Structures are given as structure tokens and as C-alpha cells.
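Student: any chance you could fold what I've pasted below:
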Amino acid sequence: MKVGIDLGSSSAGQPVRLDLEELLSTRLLVQGNSGSGKSHLLRRLLEQSAGHVQQAIIDPEGDFVGLAERYGHVVIDAERTQGEIQRLAARVRRHRASVVFNLEGLDADAQMRSAAAFLNGLFDAEREYWFPMLVIVDEAQLFAPAGGGEISDEARRVSLAAMTNLMCRGRKRGLAGVIATQRLAKLAKNVAAEASNFLMGRTFLDIDMARAADLLGMEKRQAESFRDLNTGSFVALGPALSRRPLPVRVGPVETASRNGRPELMPPPEMGAAALQDLIFEDGADPEPPARVVPAPRPITEILERIDEAPAPEAALADPETLRAIEAEREELIADIVRQFVTEGDQPIRSAASLYQDFLVHCRVRRVGSRVPDLADFTRRLAIARAGVDHGLACADRESGDWQRALAQAGELPEEMQGVFLMLARAGMEGAPSPTDEALARAYGSRSPSRGRWLLTYMEERGYLACESDFRGKRVVRFPAFGWKTAAGDPRPTEARPGDSRAAEPVRG
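Tutor: Got it, this is the predicted structure:
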């Protein structure tokens, strides 16, 4: 079950949904001039996904502080040392807290250094805390500028490096970058190029319209259509949104920004003489009270709030309900593991390289806190690759012999258990012995010689015995169960007699 976020509606009135699971892998770029509705769009995205994934907002103007009361985000004021900021970011990842990193009140140079420290703290978290997180960066051109400016070279360098890490290398660490900018021309190209999803709003400058049209694959003559977009209207494209450019009208939001749209206000009705007295005469009006700037909350208070996690109340459930919940959880996990076996090049990737992607899928599909560890995932993946996780009759699955086969498989390394069970199932059903190629693929390899090595490994340890009939076909016996497979040709199909293609050379 995929999680779809309701962004709004198309020009035809159909709902437009954003695939959150796909977004975590492909990142998002939002572009639009001031007043085009970028902040409204980000707020809609944040509100709709708040219950599904952890969020961190880099907020240069304090626009998103209002999310704290409604959705429980922790507001972190940036007026701290870089060491404190990195400690807070590490705590955020460890406890999976959603936060608003408020940079309001800092000058441009300090904003860049603080944002870099926070992003680096998220990026450098320990591997066990690489939980999926949306990292929203508003006004991204401030933190990844295309050129220099009045800021120092050092601040620009560290900020640009942190933004590049977020967009280029963040996916493996569970960080999904969502960046919004007023002008594409002002945003560093190596940061913008890493996004695969786009939401392009109203813009007027030719260079920005041309870059927006180029990113969306539109013709140059269509670029001027970005001038005609209304506030809150965007053109969407990307694997998480739409395979073709799609106009989107963003839906309403529940929270409000502290900085609303400006409204007309007539000047006070006062004569010219009275105004001159107020402006030029000393003591004409009382001294305004000094503006009190609240001090940032102590870091200990922020750390305590991040650490605080209200314990859920124990709910009494009958055993039948608990069994149903556990069965649903197991089915979700099994479905996720099967995706890694059936999609793309993933069947030949190692279990260790797939495990972080597996954790992301578990988090998005809300499997819960009891997620299989690497050893358990390796075992499940091996069994799925061998094809013995489905198709076995229920009576056979519950039989004492099959349970003993499962117990014996548990004595082998996790990555070999699926291969043993594939052979055991063939022996139990009297099916032909699998080919070397099939055994190797169940192990996660393309080399048939790896399949022969697996048989030798198990035979030397007494788990099975291999023999050949007079035609050279292989029979596998299981002494502990009295099973044996039917004779099967161990060679790959393309290497058998009558096929003109040469057999794959045997490698050591």
C-alpha cells in the first residue's frame, strides 16, 4: 500500500496525489517568484505528510513555526553555536522528532553557517538512525547560491557542500531533500540537477522560464506559459507526481504563516501641520518601548523536549486481534521483501546493500517499531529469492517434516537458507533437482559455479548428498528426512546439448 499525499486538483478537477514513498527516493524541486504560492505549497505538503514521515524544515523567515502547535514539531532557534546545533540535529535523528529550524533574525552569513551545521548533523548521524526524513529547505538559493555575493567565501563553501550532500548523497541516509527557490538561475546547478520531481510556479524572467521549461521537457515556445500561472498554481512532473507535465491547483492548508500577504491600508486622516509636528518636533510623541527580543530557549530544554516521547497507553486487545495484527505485519514485511526480488536489478544486490532501502519501505508503509534486523532480513530475502515463501500448500507448510527442514536450514548461514529450502522442497515434492543457475540466483549470484559450490558446502557438512544417474543428471538426497529429488539436469538451459550457444565458463 503506497502513501499518496493529496496536493490539490488538476485543471480538469481530478485530484493530484504525490507518492510519498517515491518522493523519498527521488527528491523535489519547487520554483516560483515571490507571491506565487511556494510557501503555501510546502505547507500543504508538510501538513499532508506529517503523520507518515519525520520532517525537518530549514526556515529562514520563521514562516513554518506555526506547525509546532498543530502537528507537534519542535522549534529550534538557530542562535546557537555550531556544536550545539550539530548535537541537536543528532538528537533529532535518534528520536525521529519533526522540527522547524528557525533562522529568523540571523544575517545571511550566519544563516548559511547554521544551516550547514544542522544539515551536517543530520547527514553524519550513525547508521542505525538512518530513518526516512523529509528535509524541506525554503529559499534554497540562499544556501546553495549559483554565484558569490556579499557573504564570505567560507560560509558559501560550507553551506553549498551541505546542500550538495543533502541532494546528492542524502538518499542512502534516509534524507529526502525538498528545496524551494524563487529563481532557478540563482540556485547552484549541481543541487537543482539532483531532483527528479518538479513543481514549477509563476515566473517572469526569460532565463528562469527557459530553465523551468527545459527541466520539464517542454518546448521553448511553451515557456511563456509560466507567466500566466495564478497564485497557488504549479506545473508538476516527476515519478512521484506525473509522467507528463500536469497543471496543479494547490489545495487549502490548516495552519497559517506569521507573514501573511500584504493588504491595502489607507494613511491616517490627519492634517499636514499635525503630521509635521509629529515628525519634526522633539518630544512630540512618547519614546517607544524598547523591543524585547526573547532569548533562545536553553539547549537543555530543547534536548529534553526532543527526548520526551509520551508513552502510548496500553490498550487491551483480545488474542484474536493481536494475531490478526501480527499476521498483517508479517504480510507487509513479506510483500516488501518480494519487491526487492522482483524489481529491476535488485535480485543480484547483496542483502546488506538492500537493508537501508528495506528500512525506508518499512517506515513508509508503517510496519511499526518491530522491524527485522539485518540477519533476519537476509534470511527472508534468501527464502524469497528461492521462491519457497509462497506456493507451498498449507498442509505441507505446517507438517512436522517441513518444520524440521526449517530448523535444519536455521543452522546454515542466513544467505544459504533459501537455497537449502529450495532443494528440500524439491525433495519433499519429488520435483527435479534445480539447475546450478537456479541455485546461484537464489543465493544472489549470476554464476552457475556458485550453485555448485553451495551444494559442495552443504554436502561436506552432512545436510544432503548428491549423486548422478547414468545420463549425468543430478539427484539430491536428504538423509535426515528420507527425501530425494527427481533427476534434473544441473546445467543452464543455454548450455545443454542441441543449443548452439556456448556454456558459461566455470570460474573458481
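Student: okay, CA-based contacts and neighbour counts for the rest of this
Tutor: Will do.
Student: tell me which element the residue nearest to residue 168 when sequence neighbours are not counted falls in.
Tutor: Distances taken as CA to CA, 6 or more residues apart in numbering place residue 194 nearest to residue 168, at 6.1 Å, with adjacent residues excluded. Using DSSP states H and E, residue 194 sits within no helix or strand.
Student: how about the CA coordinates for the strand or helix carrying residue 378, as PDB?
Tutor: In the assignment (DSSP H and E), residue 378 maps to helix 374-386. What follows is helix 374-386, C-alpha atoms only, in PDB (Å, rounded to 0.1, in the frame of the first residue of the first chain):
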ATOM      1  CA  LEU A 374      19.900  -7.400   9.100                       C
ATOM      2  CA  ALA A 375      20.300 -11.200   9.900                       C
ATOM      3  CA  ASP A 376      16.500 -11.700   9.800                       C
ATOM      4  CA  PHE A 377      16.200  -9.600   6.600                       C
ATOM      5  CA  THR A 378      19.000 -11.700   5.000                       C
ATOM      6  CA  ARG A 379      17.200 -14.900   5.800                       C
ATOM      7  CA  ARG A 380      13.800 -13.600   4.500                       C
ATOM      8  CA  LEU A 381      15.400 -12.300   1.300                       C
ATOM      9  CA  ALA A 382      17.200 -15.700   0.700                       C
ATOM     10  CA  ILE A 383      13.900 -17.600   1.100                       C
ATOM     11  CA  ALA A 384      12.100 -15.100  -1.200                       C
ATOM     12  CA  ARG A 385      14.800 -15.500  -3.800                       C
ATOM     13  CA  ALA A 386      14.400 -19.300  -3.600                       C
END
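Student: for that helix, list every residue counted as buried.
Tutor: Of all the residues in helix 374-386, those buried under the rule 16 or more other CA atoms under 10 Å are 374, 377-386.
Student: sorry, back to before: report how many residues lie close to the residue nearest to residue 168.
Tutor: Here the number of neighbours of residue 194 (other CA atoms under 10 Å) works out to 18.
Student: can you read off the pLDDT for it?
Tutor: On pLDDT, residue 194 comes in at 85.
Student: what's near enough to touch it?
Tutor: Residue 194 sits next to 27, 167-168 when contact means CA atoms under 8 Å, 6 or more residues apart in numbering.
Student: tell me how far it lies from residue 177.
Tutor: Noted for residue 194: a distance of 9 Å to residue 177, by CA to CA, to the nearest Å.
Student: pull up the overlap in contacts between the two.
Tutor: By CA under 8 Å, 6+ apart, residue 194 and residue 177 have these common neighbours: 27, 167.
Student: mind listing what's buried in stretch 108-127?
Tutor: 108-123, 125.
Student: quick revisit: of the buried residues of helix 374-386, closest to residue 281?
Tutor: Proximity of the buried residues of helix 374-386 to residue 281 (CA to CA) peaks at residue 374, which lies at 76.9 Å.
Student: re the thing from before, neighbouring contacts of the helix holding residue 378?
Tutor: Contacts for helix 374-386 (CA under 8 Å, 6+ apart): 334, 337-338, 341, 347, 351-352, 355, 389, 414-419, 421-422, 439, 441-444.
Student: for residue 275, phi and psi?
Tutor: phi -70, psi -40 (degrees, to the nearest 10).
Student: what residues are up against it?
Tutor: Contacts of residue 275 (CA under 8 Å, 6+ apart): none.
Student: from now on call the first residue 829
Tutor: Right, with 829 as the first residue, what we last looked at is residue 1103.
Student: tell me where the stretch 1179-1328 of the chain has helices.
Tutor: Using DSSP state H, counting those that start in this stretch, the helices of the stretch 1179-1328 of the chain run over 1179-1192, 1202-1214, 1222-1226, 1228-1237, 1242-1257, 1264-1271, 1276-1288.
Student: tell me what angle the longest one forms with helix 1202-1214.
Tutor: Yep, that's helix 1242-1257 we're talking about. 40 degrees (axes from the mean of the first three to the mean of the last three CA atoms, to 10 degrees).
Student: quick one: average pLDDT of helix 1242-1257?
Tutor: The model assigns helix 1242-1257 a mean pLDDT of 86.
Student: other SSEs contacting the lengthiest strand in the chain?
Tutor: Identified as the longest strand of the chain according to DSSP state E is strand 1070-1078. For strand 1070-1078, the elements it packs on are strand 832-838, helix 866-877, strand 1061-1066, judged by 3 or more CA pairs under 8 Å, 6 or more residues apart in numbering; DSSP states H and E.
Student: so how far is residue 1303 from residue 1017?
Tutor: Residue 1017 is 60 Å from residue 1303, by CA to CA.
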